[in-house]
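Asks: sequence first, then the predicted structure, then my questions.
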Amino acid sequence: MSTSPLATNPQAYLQSASRWRPVEIVFWLATLLPFYLLPDYLSLASQIAITALFALSLDLILGYGGIVSLGHAAFFGIGAYSAAIFSKFVMGEPLVGLAAAAAVTGIAGFASSFIVARFRHFTLIMLTLGLGLLAQEAANRAHWLTGGSDGFQGADIWPVLGLFHFDLYGYTAYGYSLAALFVLFLAARRMISSPFGLALRGIRENWVRMPAIGAPSRAHIQKAYTIAAIMAGIAGALLTQTTQTAALESISFQRSADVVVMLVLGGAGRLYGGLVGAVIFMIARDQFSGIAPQYWYFWIGVLLVSVVTFLPNGILGGLSAIAARWRRK
Amino acid sequence: MTAIALATRRLNKSFGSLTVARDIDIDLPVGARYALIGPNGAGKTTLINLITGMLAPNDGQIFLGNEDITRLEPQDRVRRGLARTFQINTLFAGLNPLEAVTLAVAERRGITNQFWRNVADHKEAIEEAYEILAKLKLGDCCYQVTRELPYGRQRLLEIALALATKPKVLLLDEPAAGVPQEESGDIFEVVASLSDDLTLLFIEHDMHVVFRFASHIIVLVGGAVFTEGSPAEIAADPGVREVYLGTRKHG
């Protein structure tokens, strides 16, 4: 987005904006390192990949569309329970399970998008919070189906592609979660560079101007919200499949709040913001809870306050500002 | 008789006991250059908000050509060829002009429901956007993020975004608002150079500009049309002098 005096052809300029940068390739190659360097941490790595996918899904609506949601875990949880229920009553094939969870959350996302697309700002935050709490309580009450606070019993996940069993060390879990994250990241990246992605950025930048250029903002928001719901649902389904269970935690307000924190830490509206935020948040949680199991949120609080105070565009926003200044010299 | 591009019939709007539009009847012939003037609080911007659907009238009708658009959503009016600009910059601060105008072109072409193809593949849309920017002398700064553009350029971008919708009727709400007087002429030169098929209605306070660029003037006072006529008629009207010009040229 910085000024590029060399790009004189507008089409070439826009093309260069969506080109793969070396740092991205390095990032994705680095995601393979845990297999070799940290084989004891593969379960954590899998959780991080799943959380990163969840954060990416929120970034599509929050970072790009400016739709602040405090109830995004509803879709994560619906996906998690759908995958669990599907594996118990239909079949344990994981990829089919993901598709089933995606379909269920897609319907839930589309249905709620009719309400969500009508509101902005504070009303919207409260609305999504309310919807999230409704989903949480519904999952709690439906004990016969979800297991409620006891957790889901009887999830049965088959090996991935019939070959890779979910092992104790998490090789399959991480490989599977990472592959899903990468594929959906590619889809999200492609979407952001599309005319639809540009329209989402337009909604974020100026909600009032959009109708004045003839844009059907509500329809755009409904689509984005549904797509984000599907991605969140797939993330939830991945958690169920890699851990062979589903718990109320997956649909809790805590999870909705955490993912907003991750996005703010990493930097919203920059595609990698959610991924970097998830990595930092999850590693911080792992480390801090090792030091002080009761108080680890204290350090998350410190991290959050420092980032929003000194890096209003998140850690990635700060880094790219430094890089831009360095390039100008 | 020339065809009418835009008309309002007995348009009324009030907020509680405050009437901001009272039985407004206006007719804009195709290709006209109309100015809308009046003292502060006369309801000029309100009238634009009513015509474009950003406010709903209590009563009355609005016609674009022969079509009654009174009940249409703002974006549907834009799609039918009614565009506006804003008195206070209402731009996409974090996009650059090329992205912003390409977005407006893409919306008009109906390609913003594509989420698989890259924007950069839509060569024609991008070229059209760049052409509009170049025409408004924004070509050299079209990669610079909007919030960093000089204010005068931002005012031109307001117009560029509206033009990207390919309007038949364009409503300009003080296009040179806040621009130093020596530069406001530049903005109106751009306005004057727009196609003759385009029907224009602009709000402006600077009477030199109004008399120079308008073919017809509507004077709005207290939410109602006070009078209208050619610039010469308005200039000679003692009533207008009193309610409008008089406020400034006292003594």
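Replies: Arrived safely, thanks for sending.

Asks: show me what the helix or strand containing residue B:27 is packed against.
Replies: Per DSSP states H and E: residue B:27 is located in strand B:18-29. When contacts are defined as 3 or more C-beta pairs under 8 Å, 6 or more residues apart in numbering or on different chains; DSSP states H and E, strand B:18-29 packs onto strand B:4-15, helix B:44-52, strand B:199-203, strand B:224-229. Glycine gets a C-beta too; all of them are placed from N, C-alpha and C.

Asks: so, low pLDDT: which residues of the chain?
Replies: All of this refers to chain A. A:1-8, A:329 (pLDDT under 70).

Asks: let's do chain B instead
Replies: For chain B, the stretches flagged by pLDDT under 70 are B:1, B:244-251.

Asks: ok, back up a step: contacts for the strand holding residue B:27 next, please.
Replies: Residues outside strand B:18-29 that contact it (C-beta atoms under 8 Å, 6 or more residues apart in numbering or on different chains) are B:2-14, B:34, B:43, B:46-47, B:50, B:57, B:60, B:169, B:199, B:201, B:218, B:220, B:222-225, B:228.

Asks: pull out the buried members of those residues.
Replies: Neighbour-count burial (16 or more other C-beta atoms under 10 Å in any protein chain shown) is assigned, among the contacts of strand B:18-29, to B:4-9, B:11-13, B:34, B:43, B:46-47, B:50, B:57, B:60, B:169, B:199, B:201, B:218, B:220, B:223-225, B:228.

Asks: buried set for the helix or strand containing residue A:185?
Replies: Assessed by DSSP H and E, residue A:185 sits inside helix A:171-192. With burial defined by 16+ other C-beta under 10 Å, the residues of helix A:171-192 counted as buried are A:171-178, A:180-181, A:184-185, A:188-189, A:191-192.

Asks: so which of these are also by chain B?
Replies: Here is what survives when those are matched to chain B using C-beta under 8 Å from any C-beta of the partner chain: residue A:191.

Asks: looking at the buried residues of helix A:171-192, spot the one nearest chain B.
Replies: residue A:191 (4.4 Å; C-beta to the nearest C-beta).

Asks: how near is that closest one to residue A:84?
Replies: Separation of residue A:191 from residue A:84 (C-beta to C-beta, to the nearest Å): 28 Å.

Asks: cool, and residue B:100?
Replies: Note on residue B:100: its distance to residue A:84, by C-beta to C-beta, is 45 Å.

Asks: between these two, who's got more neighbours?
Replies: Legend: neighbour count by other C-beta atoms under 10 Å in any protein chain shown for residue B:100 and residue A:84, higher for residue A:84 (33 against 30).

Asks: from what I can see that one touches residue A:247, true?
Replies: No - with contact defined as C-beta atoms under 8 Å, residue A:84 and residue A:247 do not form a contacting pair (9.6 Å).

Asks: between those two, which contacts overlap?
Replies: Shared contacts of residue A:84 and residue A:247, counting by C-beta under 8 Å, 6+ apart, come down to residue A:152.

Asks: and chain B, what are its domains?
Replies: Chain B is divided into the following domains under automatic domain parsing: B:1-81+B:167-251, B:93-166.

Asks: most tightly surrounded among these?
Replies: With neighbours taken as mean count of other C-beta atoms under 10 Å in any protein chain shown, these reach their highest mean count in domain B:93-166, at a mean of 21.

Asks: quick one: that one to chain centroid distance?
Replies: 18 Å (C-alpha atoms, centre = their mean, to the nearest Å).

Asks: what does stretch B:183-195 give?
Replies: 13 Å.

Asks: same check, this time on stretch A:44-53
Replies: For stretch A:44-53, the distance to the chain centre is 10 Å (C-alpha atoms, centre = their mean).
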